[in-house]
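*Asks:* Coordinates for the following, if possible.
(one chain, ligands or ions: 2)
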Amino acid sequence: MNSSLVLQAKNLSKTFSLGAEDLYVLKEIDLALPRSSSLSIRGESGCGKTTLLNLLARIEQADRGELTWNHRLMRCDRPATREEVAQRASFLGVVYQAYYLVPELDVLENVTLPARITGRFDPSIEDRARFLLEQMGVGNKSSQIPGKLSGGERQRVAIARALINRPEVLLADEPTGNLDERTGEEVMDLLLHACSEEGASLILVTHNLAFAQATDRQTFLSGGQLNEV
Ligand SMILES: Nc1ncnc2c1ncn2[C@@H]1O[C@H](COP(=O)(O)OP(=O)(O)OP(=O)(O)O)[C@@H](O)[C@H]1O
Ligand SMILES: [Mg+2]
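*Replies:* Numbers count the residues shown, from 1 in each chain. Ligands and ions are numbered 1, 2, ... in the order given. Below is the predicted model of the structure:
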């Protein structure tokens with residue numbers, strides 16, 4: 001056991017059944033993420049990057065394999081229990097390409113939402129949310145609803161939300177995929193800086209080579225296998 005590994009997967013495999021055919025998307029993937037480090041995953045559209053993040057987060061079930069979160073062995077071939085969902089909300093944060101903010105809630109409510117899921121919500125969480133929004137350069141938007149924000153602003157809010165519980169791991173799935181080049185660069189700078197300030201390890205899925213190269217280790221997913229590049 002390597003004590004510095006915050007997340008580890010071994011032999012993680014995933015097949016989707018498509019009627020008569022099976023699509024074997026991930027083939028015995030091994031992945032080891034040291035604490036406070038960053039790793040990027042590139043690969044062609046449809047190669048299984050989102051599926052891999054979903055398995056690591058236990059949003060989807062693996063066929064088989066081993067997954068540890070901070071050395072706790074997870075039953076990654078079973079749906080997460082209610083308790084494990086709360087555990088996930090404190091262990092990891094996720095940032096998606098399409099932001100997925102709750103449209104009916106204002107920015108502050110969106111950012112504090114993961115704290116409610118852990119069951120450890122208290123009023124000081126709002127101070128932390130305001131601090132993170134300030135760090136992300138959207139401190140003046142806390143009472144706005146997401147529909148009134150630009151894409152770049154929405155993603156800054158989504159990053160603050162992903163960090164609210166001081167997660168040990170942040171998973172980012174093409175976080176700049178919907179943004180123009182300049183906004184994408186700004187958001188990526190903020191994301192990398194925030195992860196390093198907060199001590200969160202990062203797994204970044206991106207099609208952008210320069211962003212991938214800004215991480216400590218670069219991998220490429222192809223043919224169901226993850227290789228270091
Ligand atoms: N729930 C599902 N049922 C059946 N097939 C699925 C399911 N989810 C994903 N797939 C298939 O698995 C493959 C991998 O999908 P995935 O979304 O992980 O790719 P990706 O690498 O994230 O692609 P992109 O870069 O376009 O986001 C694709 O062929 C997709 O059609
Ligand atoms: Mg994807």
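*Asks:* Do me a favour and get the backbone dihedrals for residue 8.
*Replies:* phi -140, psi 140 (degrees, to the nearest 10).
*Asks:* Now do the contacts for it.
*Replies:* Contact analysis of residue 8 by CB atoms under 8 Å, 6 or more residues apart in numbering lists 2, 31, 32, 33, 66, 67, 68. From N, CA and C alone the C-beta is placed, and that goes for glycine too.
*Asks:* So the fourth one, which state does it fall into?
*Replies:* Right, the one you point to is residue 33. strand (DSSP: H, G, I helix; E, B strand; the rest coil).
*Asks:* Now do it: how many residues are near it, please.
*Replies:* Look at residue 33: counted by other CB atoms under 10 Å, it has 22 neighbours.
*Asks:* Which residues are in contact with it?
*Replies:* So residue 33 contacts 5, 6, 7, 8, 39, 169, 201, 203 (CB under 8 Å, 6+ apart).
*Asks:* swap in residue 157?
*Replies:* 99, 101, 107, 110, 111, 133, 136, 138, 141, 146, 149.
*Asks:* quick one on the thing from earlier: for the contacts of residue 33, which one is nearest ligand 1?
*Replies:* Taking CB to the nearest ligand atom as the measure, ligand 1 sits nearest to residue 203 out of the contacts of residue 33, at 12.9 Å.
*Asks:* Helix or strand for that closest one, just tell me which one.
*Replies:* Here residue 203 sits within strand 201-205, counting by DSSP states H and E.
*Asks:* Just the mean pLDDT for that strand, thanks.
*Replies:* For strand 201-205, mean pLDDT rounds to 98.
*Asks:* does that strand come close to ligand 1?
*Replies:* No. Using CB under 6 Å from any ligand atom, strand 201-205 never reaches ligand 1; the gap is at least 6.9 Å.
*Asks:* And the next helix or strand past that strand?
*Replies:* helix 209-213.
*Asks:* buried stuff in that following helix?
*Replies:* For helix 209-213, burial by neighbour count (16 or more other CB atoms under 10 Å) applies to 211, 212.
*Asks:* tell me what that helix is packed against?
*Replies:* strand 38-42 (3 or more CB pairs under 8 Å, 6 or more residues apart in numbering; DSSP states H and E).
*Asks:* Output the strand it packs on in CSV with nothing but the alpha carbons.
*Replies:* What follows is strand 38-42, C-alpha atoms only, in CSV (Å, rounded to 0.1, in the frame of the first residue of the first chain):
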residue,chain,number,x,y,z
SER,A,38,-2.8,16.3,-11.0
LEU,A,39,-3.4,13.9,-13.9
SER,A,40,-4.9,14.6,-17.3
ILE,A,41,-6.8,12.1,-19.6
ARG,A,42,-7.1,12.7,-23.3
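*Asks:* Point out the residues in this structure that sit beside ligand 1.
*Replies:* For the chain, the residues in contact with ligand 1 (CB under 6 Å from any ligand atom) are 16, 23, 25, 43, 45, 46, 47, 48, 49, 50, 51.
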